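**Q** pasting the sequence and the predicted model now:
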Amino acid sequence: MLALVIALAPIALSQPVAGRPNFLIVIGDDMTWTDVSALGHPDVKTPTLDQLAKDGMRLSHVFTPAPVCAPTRMALYTGLYPVKNGAHPNHSQVHAGTESLPHRLGALGYRVAITGKRHFGPAPCFPFETIGKSGQVAINQLGRFIGDCGDKPWCAVVASHEPHTPWNKGDSSAYPPDGLTIPPWLADTAETRKALSRYYAEVTFLDQQVARCLRVLKQANAADDTLVLFLSEQGAGLPHAKWTLYDHGIRATALVRWPGKVKPATTSPALISYVDVLPTLIHLAGGKVPKQLDGASFHRVLADADTPHHDAVFAIQTSRGISNGPSAYGIRAVRTERFKLIHNIHHTSLFRNNLTERPGVYRSWRAAAGDPHAARLVAAYVKRPEWELYDTAADPHELTNLAPRPEHGQRVAELQRRLAAWMRQQNDLGNATEMDALNRQGQGRAARSRKALGGG
């Protein structure tokens, strides 16, 4: 229990401390949190993740701060929510001078490396060592990095590109479309079934990548000294998932294995955000968490699954600048253990993205004549009220908006106050912050986005 004792009494270190854990963080890409067989999914085959859940702790209420890749990853690495770090739009960058995971753990004597997807910037703010070629997943070279570290503690991020679209990896024949179970938040069309078949195959492909990572760890004789964290990132590229603040967009699968420290086959319902990961690693590495971070260490949760953490977490979606997106469609949300309040800032506009503008799943729903469920999902995706309130315990798929009901007026008002207070703390100005999105993206991409939006 040495590492937990150190974490409870953190100190600023200049020299390595014996007994601190190594960290292996494996991140999926666009994977809905439900899509693991150990979590009860009736179709998906994920034997490695299932075993990881048996060997460690499932964190059942972990949330990303955004439902798109760049803001999510930069919040994970900086411990700051997206508006505060500057990377609230997709394909954006944090403010110059922002410190991240390599700075924080590097100051504590760790080597910090990444292999696979990056999607962060500017480069000086994320000075990872690179395992393999930049942007490519090089699991075979992970063992070489571990060996080169010798007695020096290390942190390695394996950032997979799966199961992001186009869903062309894995064996889709293992998932015959006609045999799949269609969850209530999706409409049952042939296109939906074919898409899920390809997507589930790529989830299984990701599971196999995780298995390779764990084999490398074992071969390097590092399994017993390493905390393994698997995160699924935001939801899949399907309607009502990615690009939205519903749970299928921002809730993550999170599994932690740490032999001798984390009790196997346990589940914690503690409310945790991605911004809490960096503070936790700092604590467990024996460091002192900087006060300016938004996150808080959940090391006590790892020691005792019944320990609470936050009473609310927050999320943001900036749609200005996304591919085939609207001129502006900002969304904010506050999520408690049971309830979620969503504010659609530009609710008078129609939401759109690649799903609505190109052939595919959403278009098949729109063409499903005589299917009232499909028609309802189609309408709810592009046209939303200003406020949405969901009881996630009674309505886990968030299909019934309780905000207009008088009996929930007090709860809506209280959550509105909490959301407004958080936005003030983040210097989030709502519409003005949304309209600034193109300035936070790279110049070339911003210029293309302005042209697409009619702004030159």
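**A** Alright, I've got the coordinates.
**Q** Arg20 and Pro89, how far apart?
**A** Separation of Arg20 from Pro89 (Cβ to Cβ, to the nearest Å): 36 Å. No exception for glycine: its C-beta is placed from N, CA and C like everyone else's.
**Q** more crowded one of these two?
**A** Legend: neighbour count by other Cβ atoms under 10 Å for Arg20 and Pro89, higher for Pro89 (31 against 22).
**Q** shouldn't that one be in contact with Gln317?
**A** No: Pro89 is beyond contact range of Gln317, at 9.7 Å (criterion: Cβ atoms under 8 Å).
**Q** which neighbours do the two have in common?
**A** Counting by Cβ atoms under 8 Å, 6 or more residues apart in numbering, no residue touches both Pro89 and Gln317.
**Q** pLDDT score for His310?
**A** The predicted local confidence for His310 comes out at a pLDDT of 98.
**Q** tell me the helix or strand right after the helix or strand bottoming out on mean pLDDT in the chain.
**A** When the helices and strands of the chain are compared on mean pLDDT, DSSP states H and E, helix 2-8 comes out lowest with a mean of 31. Per DSSP states H and E, the first helix or strand lying C-terminal to helix 2-8 is strand 22-27.
**Q** strands paired with that following strand, and their directions?
**A** Strand 22-27 pairs in its sheet with strand 154-159 (parallel), strand 226-231 (parallel), by DSSP bridges.
**Q** make JSON lines from the ones you listed and add distance to Gly325 and mean neighbour count to it.
**A** Formatted as JSON lines, the strands paired with strand 22-27 follow (distance: least, Cβ to Cβ, whole Å; neighbours: other Cβ atoms under 10 Å):
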{"stretch": "strand 154-159", "distance to Gly325": "24", "mean neighbour count": "24"}
{"stretch": "strand 226-231", "distance to Gly325": "25", "mean neighbour count": "24"}
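**Q** could you dump those to CSV with mean pLDDT and distance to Tyr110?
**A** What follows is the strands paired with strand 22-27, written out as CSV (pLDDT from 0 to 100; distance: least, Cβ to Cβ, whole Å):
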stretch, mean pLDDT, distance to Tyr110
strand 154-159, 98, 5
strand 226-231, 98, 12
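**Q** next, count neighbours for Asp224.
**A** Quick note: Asp224 (other Cβ under 10 Å) scores 11 neighbours.
**Q** residues contacting it?
**A** With Cβ under 8 Å, 6+ apart, Asp224 has these contacts: Pro259, Gly260.
**Q** and the helices in the stretch 201-350 of the chain, which stretches?
**A** Remark: helices assigned in the stretch 201-350 of the chain by DSSP state H, counting those that start in this stretch are 247-250, 277-284, 299-303.
**Q** buried deepest among those helices, which one?
**A** With neighbours defined as mean count of other Cβ atoms under 10 Å, those peak in mean count at helix 247-250, which reaches a mean of 27.
**Q** CA atoms of that helix as PDB?
**A** Output of helix 247-250 as PDB, limited to C-alpha atoms (Å, rounded to 0.1, in the frame of the first residue of the first chain):
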ATOM      1  CA  ASP A 247     -24.800   9.800 -21.800                       C
ATOM      2  CA  HIS A 248     -24.100   7.900 -25.100                       C
ATOM      3  CA  GLY A 249     -22.000  10.900 -26.000                       C
ATOM      4  CA  ILE A 250     -20.000  11.600 -22.900                       C
END
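**Q** let me see the mean pLDDT of it.
**A** 98.
**Q** who touches that helix?
**A** 32-34, 63-67, 185, 234-236, 238, 240-243, 315, 317, 333, 335, 340, 392, 396-398.
**Q** which members of these occur in strands, if any?
**A** Phe63, Ala315, Gln317, Ala333, Arg335, Lys340 (DSSP state E).
**Q** what is the burial count for the closest residue to the fifth one other than its chain neighbours?
**A** The spatial neighbour of Arg335 that comes closest, neighbours along the chain excluded (Cβ to Cβ, 6 or more residues apart in numbering), is Val313 at 5.3 Å. Residue neighbour count, defined by other Cβ under 10 Å, stands at 27 for Val313.
**Q** how far away is Val313 from Leu76?
**A** Counting by Cβ to Cβ - Val313 and Leu76 are separated by 13 Å.
**Q** cool, Asp148 as well?
**A** 25 Å.
**Q** quick one: which of those two has more around it?
**A** Using other Cβ under 10 Å, the more surrounded residue of Asp148 and Leu76 is Leu76, with 26 against 12.
**Q** that one - that's part of a helix, no?
**A** Yes: checked against DSSP: H, G, I helix; E, B strand; the rest coil, Leu76 lies within a helix.
**Q** list the contacts for the closest residue to it other than its chain neighbours?
**A** Here the nearest residue to Leu76 in space, its sequence neighbours aside, is Tyr274; by Cβ to Cβ, 6+ apart that works out to 4.6 Å. The contact partners of Tyr274, taken as Cβ under 8 Å, 6+ apart, are Val62, Phe63, Thr64, Pro65, Thr72, Ala75, Leu76, Leu231, Ala252, Gly295.
**Q** ok, and the closest non-adjacent residue to Gln292?
**A** Leu80 (7.9 Å).
**Q** the one you found and Asp395, how far apart?
**A** From Leu80 to Asp395 the distance is 31 Å (Cβ to Cβ).
**Q** neighbour count: these two, which is higher?
**A** Leu80 (26 against 14).
**Q** and that one, which of the three is it?
**A** Leu80 ends up coil, using three-state DSSP.
**Q** next, it: phi, psi?
**A** Backbone geometry at Leu80, expressed as degrees, to the nearest 10, gives phi -120, psi 140.
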